[in-house]
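Trainee: Turn this into a structure:
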Amino acid sequence: MNSTRLVRIAQTAVEAVDICSFELVAADGQALPPFSAGSHIDVHLDNGVVRQYSLCNAPGESHRYQIAVLKDAQSRGGSVAMHALEAGQSLNISDPKNHFALDKSAQHSLLFAGGIGITPILCMAERLSHLGASFEMHYCTRSAERTAFVDRIRASAFADNVHLHHDEGAGAQKLDAQAAIGAPRDGIHLYVCGPTGYMDWVLNTARELGWPDERLHREYFAAAPIDTSQDGSFEVQIASTGAVIRVAAEQSVVAALSEAGIEVQMSCEQGVCGTCLTRVLEGTPAHRDMFLTPREQARGDQFLPCCSRAESARLVLDL
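Mentor: Residues are numbered from 1 along each chain as shown. Just a heads-up that it's a prediction; the model follows:
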């Protein structure tokens with residue numbers, strides 16, 4: 001298991017309807033490890049659940065980490081447990097990880113946040129503003145009451161770079177994705193985070209406008225529902241030992257490996273975080289993750305065994 005560090009909840013705050021922020025400080029009073037815009041931490045909860053939450057304070061701060069959590073009606077145990085926590089309680093967390101980094105070569109950045117997807121996007125805006133870099137941010141929510149960090153944004157040095165859009169309200173203020181994204185131009189990168197439907201809308205609009213995938217950056221919070229009714233069994237072979245393990249139709253690769261005594265580090269169990277990413281030496285994966293880009297999936301040399309399966313009868317894994 002990856003090592004964790006103990007932090008204390010210094011304070012909590014209600015940022016919007018069903019959204020609570022948590023300020024975390026080191027339990028020993030020391031500085032926390034540095035992080036970059038787009039980073040997240042794994043939070044280990046007492047109920048055994050591990051969840052990833054993006055850091056939304058300004059990169060460069062070492063005295064605290066700030067995360068914000070949406071209380072999800074369909075919670076699998078993470079957000080409900082988080083919302084029950086209070087200031088003064090302790091948590092175990094991982095050091096920051098970043099699968100959603102800013103591209104340092106960008107001459108201009110387009111930032112799109114949907115709902116709780118504001119957390120990494122706000123951190124990016126803080127960093128770009130600090131650098132004096134060119135960027136524009138579009139923040140979409142269901143209503144003004146569900147718009148987190150709005151006072152912080154309005155008081156920031158980059159307030160003029162931000163456009164707020166609500167599902168409720170006049171049509172003129174709603175996001176026109178085609179107009180906001182525009183045709184691809186050299187040196188411009190797009191970043192998006194939020195609910196799956198929102199992200200797919202932004203990304204598909206950009207692709208329709210001719211944007212190349214290497215300039216489209218995204219981070220999903222949850223995977224889309226998948227029809228598993230046609231799933232069949234297949235085999236995985238462990239390259240280091242030659243052992244062959246059968247994966248049943250109703251079983252994940254990670255579960256089958258665990259039954260055989262092979263533990264693969266994982267966290268989200270939905271193919272979102274990338275923790276369980278595994279090299280594929282032979283065979284063809286059936287990708288079901290939201291972590292790899294379409295180009296990475298097409299290469300077929302890695303997959304996420306928490307959710308993905310096999311198109312071929314066997315996969316040989318670099319384990």
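Trainee: domains for the chain, by residue range?
Mentor: 5-93, 108-220, 234-317 (automatic domain parsing).
Trainee: Give me the distance between the residue of the chain most remote from its centre and residue 208.
Mentor: Relative to the mean C-alpha coordinate of the chain, counting by C-alpha atoms, centre = their mean, the farthest residue is residue 242 (34.4 Å). Distance from residue 242 to residue 208, counting by C-beta to C-beta, to the nearest Å: 47 Å. In this view, the C-beta of every residue, glycine as well, is placed from N, C-alpha and C.
Trainee: Likewise for residue 178?
Mentor: From residue 178 across to residue 208, the span is 8 Å (C-beta to C-beta).
Trainee: next one: residue 299
Mentor: Residue 299 sits at a distance of 24 Å from residue 208 (criterion: C-beta to C-beta).
Trainee: now swap in residue 159 and tell me
Mentor: Between residue 159 and residue 208 the distance is 31 Å, computed by C-beta to C-beta.
Trainee: Tell me who's in contact with residue 140.
Mentor: 112-115, 165-167, 175, 194, 198 (C-beta atoms under 8 Å, 6 or more residues apart in numbering).
Trainee: Could you single out the nearest of these to residue 148?
Mentor: residue 115 (8.4 Å; C-beta to C-beta).
Trainee: What about the closest one? Give its phi and psi, please.
Mentor: With angles defined as degrees, to the nearest 10, residue 115 sits at phi 60, psi -130.
Trainee: Verify the contact between it and residue 72 for me.
Mentor: No - taking contacts as C-beta atoms under 8 Å, residue 115 lies outside contact range of residue 72: 10.6 Å.
Trainee: Settle it for me: which of those two has more neighbours?
Mentor: residue 115 (22 against 15; other C-beta atoms under 10 Å).
Trainee: Which residues are in contact with the more buried one?
Mentor: 70, 140-142, 146, 194-195, 198.
Trainee: Which among those count as buried?
Mentor: Those of the contacts of residue 115 that meet the buried threshold are 70, 140-141, 146, 194-195, 198, by 16 or more other C-beta atoms under 10 Å.
Trainee: pLDDT-wise, what's the bottom of those?
Mentor: On pLDDT alone, residue 195 ranks lowest of the buried ones among the contacts of residue 115, at 90.
Trainee: so who does that residue touch?
Mentor: By C-beta under 8 Å, 6+ apart, the contact list for residue 195 reads 114-115, 117, 221-222.
Trainee: now swap in residue 181 and tell me
Mentor: Here residue 181 is in contact with 110, 190, 202, 205-206, 209, 211 (C-beta under 8 Å, 6+ apart).
Trainee: how about the strands in the stretch 51-200 of the chain?
Mentor: Secondary structure of the stretch 51-200 of the chain, counting by DSSP state E, counting those that start in this stretch: strands at 65-70, 90-93, 108-114, 135-141, 162-166, 188-194.
Trainee: To residue 288, which of the ones you listed lies closest?
Mentor: Residue 288 lies closest to strand 188-194 among these, at 19.9 Å (C-beta to C-beta).
Trainee: just to revisit the earlier point, I'd like the strands of the stretch 51-200 of the chain laid out as CSV, including distance to residue 35.
Mentor: Shown next, in CSV, are those (distance: least, C-beta to C-beta, whole Å):
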stretch, distance to residue 35
strand 65-70, 8
strand 90-93, 12
strand 108-114, 18
strand 135-141, 19
strand 162-166, 22
strand 188-194, 16
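Trainee: Of these, give the one that comes closest to residue 101.
Mentor: Nearest to residue 101 among those is strand 188-194 (9.7 Å), distances taken as C-beta to C-beta.
Trainee: so what strands line up beside the closest one?
Mentor: If you go by DSSP bridges, strand 188-194 pairs up with strand 108-114 (parallel), strand 216-220 (parallel).
Trainee: how about CSV for those, with distance to residue 7, mean neighbour count and mean pLDDT added?
Mentor: As requested, the strands paired with strand 188-194 are exported to CSV (distance: least, C-beta to C-beta, whole Å; neighbours: other C-beta atoms under 10 Å; pLDDT from 0 to 100):
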stretch, distance to residue 7, mean neighbour count, mean pLDDT
strand 108-114, 25, 24, 98
strand 216-220, 22, 23, 89
